[in-house]
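> Have a look at this prediction, sequence included:
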Amino acid sequence: MDSRETMTHQGGWRWLSRVARRELPAVLQILAAGGLAIVVALLLGFDKPVGAPLFAITTLEFVCARHRRSVAVFFFGMGFGLAIAAVAAGYRSFDRVVLDFVVGVAVAMVVAFLTTPRNATRQVNAQLEPLLNTLTVNVRTIAGALRTRDAESARGAVYALVDTENDLRRLNEVLLATRRSSAITLWTTGQDLDAYAETAREIGYAVRNIRVMARHAWWGVLHGGEPVPVALPPMLESLADGVGLLRDELRRDGPLRVAQPQLVSAARWIDVMRDEHLGLASAAVAADADAAVLNLLIATGIPLAKADALLNHSRAEAAAADRRLEPALAA
């Protein structure tokens with residue numbers, strides 16, 4: 001077996017390991033609901049307990065697997081269909097079907113509440129904090145490197161940002177693992193886990209834009225010998241400040257809109273750069289940073305259309321947009 005085949009097999013095993021680790025909690029949850037429903041039905045004296053575990057599993061999936069709700073509805077409907085057929089054929093009495101349903105639903109809710117994490121949003125935030133900290137430090141390093149034309153510092157930041165791919169993979173695994181608890185989290189804490197997942201996805205897009213921005217800054221601007229626009233380092237420093245504010249609010253479970261004015265101010269430096277002659281790589285750095293700001297504004301809860309309006313870089317509208325900024329962000 002050559003090295004290429006070995007790497008393929010290793011990659012396949014790693015993929016299987018990730019899938020198994022991701023799906024194992026759901027499998028155990030389903031087995032627990034079905035098994036407990038059978039035990040309760042037997043303790044109640046039910047013979048051939050089939051309906052109770054069927055209702056338990058379908059109810060559990062209906063509550064915990066909103067991403068697969070159509071499948072859960074299908075099996076729930078199939079269970080009711082079988083129950084009606086059993087009553088019509090005289091195999092089960094109507095009272096027995098109702099008891100099967102009650103036992104199944106009760107067991108499913110107990111299992112759902114006992115086996116889903118109470119701190120799902122905290123798990124997501126715990127993965128986001130080090131990621132945002134890495135962005136803050138390295139965006140600021142890139143800004144300083146551009147200011148002093150230090151290609152080696154920029155190179156180190158680029159390599160450090162490459163490691164964020166592992167952070168993004170772990171974040172995705174946490175999102176997949178916690179999505180089964182989104183309904184329970186909403187009922188018990190009032191926190192919308194889907195909104196947290198949207199924030200995490202947009203931060204992931206921002207990370208990728210910032211990685212591309214860092215490569216353009218290192219290889220295109222510094223290594224390529226382009227002049228550095230005067231407004232570019234302040235833009236990146238403002239972006240780093242905005243990312244830092246977002247990280248701090250996530251740590252405190254505070255309102256993410258606190259970071260919005262700082263992020264918008266970072267994008268405003270593009271209007272200043274209109275008066276400078278930009279090289280190809282410098283323009284790419286500014287555009288990538290601006291795209292990251294858009295992603296981060298969406299991550300704070302601003303809809304795409306509103307975020308796009310806030311980042312309207314028309315010079316004629318810049319002053320008016322600044323005057324509208326405070327009430328727009330407060331809305």
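Thanks, I have the structure now. Because the structure is predicted, anything quoted here is derived from the model rather than measured.
> ok, which stretches of the stretch 151-300 of the chain are helices?
When secondary structure is read from DSSP state H, counting those that start in this stretch, the stretch 151-300 of the chain shows helices at 151-162, 164-178, 182-189, 193-215, 232-252, 260-273, 280-299.
> among those helices, which is nearest A108?
helix 182-189 (11.6 Å; CB to CB). Every residue, glycine included, has its C-beta placed from N, CA and C.
> tell me which residues in that closest one are buried?
Residues of helix 182-189 classed as buried: 182-185 (neighbour count, 16 or more other CB atoms under 10 Å).
> Same list (the residues you listed) but as a markdown table, adding distance to A160 and pLDDT.
Written out in a markdown table, the entries for those read as follows (distance: CB to CB, whole Å; pLDDT from 0 to 100):
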| residue | distance to A160 | pLDDT |
| --- | --- | --- |
| S182 | 33 | 72 |
| A183 | 38 | 71 |
| I184 | 37 | 73 |
| T185 | 33 | 72 |
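> Please tell me how far L60 sits from K306.
Taken as CB to CB, to the nearest Å, the spacing of L60 relative to K306 amounts to 38 Å.
> cool, and V221?
To K306, V221 is 32 Å away according to CB to CB.
> quick one: which of those two has more around it?
Each of V221 and K306 had its neighbours counted (other CB atoms under 10 Å), and the higher figure belongs to V221 (27 against 15).
> quick one: contacts for the more buried one?
With contact taken as CB atoms under 8 Å, 6 or more residues apart in numbering, V221 is in contact with 146, 228, 279, 281-282, 285.
> out of these, which is most surrounded?
Counting by other CB under 10 Å, V285 has the largest number of neighbours within the contacts of V221, with 28 neighbours.
> Now do the contacts for that one.
Listed by CB under 8 Å, 6+ apart, the contact set of V285 reads 213, 216-217, 220-221, 232.
> how about a markdown table for those residues, with pLDDT and distance to K48 added?
Putting the contacts of V285 into a markdown table (pLDDT from 0 to 100; distance: CB to CB, whole Å) gives the following:
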| residue | pLDDT | distance to K48 |
| --- | --- | --- |
| M213 | 95 | 64 |
| H216 | 95 | 68 |
| A217 | 95 | 69 |
| G220 | 92 | 72 |
| V221 | 93 | 74 |
| L232 | 93 | 74 |
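> Using CSV, lay out these together with distance to A106.
As requested, the contacts of V285 are exported to CSV (distance: CB to CB, whole Å):
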residue, distance to A106
M213, 54
H216, 58
A217, 59
G220, 63
V221, 64
L232, 62
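> top of these by neighbour count?
Taking other CB under 10 Å to define a neighbour, the member of the contacts of V285 with the most is A217, carrying 32 neighbours.
> Assess the claim that that one and R147 are in contact.
No. With contact defined as CB atoms under 8 Å, A217 does not count as touching R147 (11.2 Å).
> Flag every buried residue along stretch 164-181.
Along stretch 164-181, these residues count as buried under the neighbour rule (16+ other CB under 10 Å): 164, 167-168, 171-172, 174-181.
> Likewise for stretch 275-284?
Neighbour-count burial for stretch 275-284 flags 278-279, 281-284 (criterion: 16+ other CB under 10 Å).
> Now flag whichever of the residues you listed is closest to V105.
The shortest separation between V105 and any of the buried residues of stretch 275-284 is 56.5 Å, and it belongs to A284 (by CB to CB).
> Fine, thanks again, bye for now.
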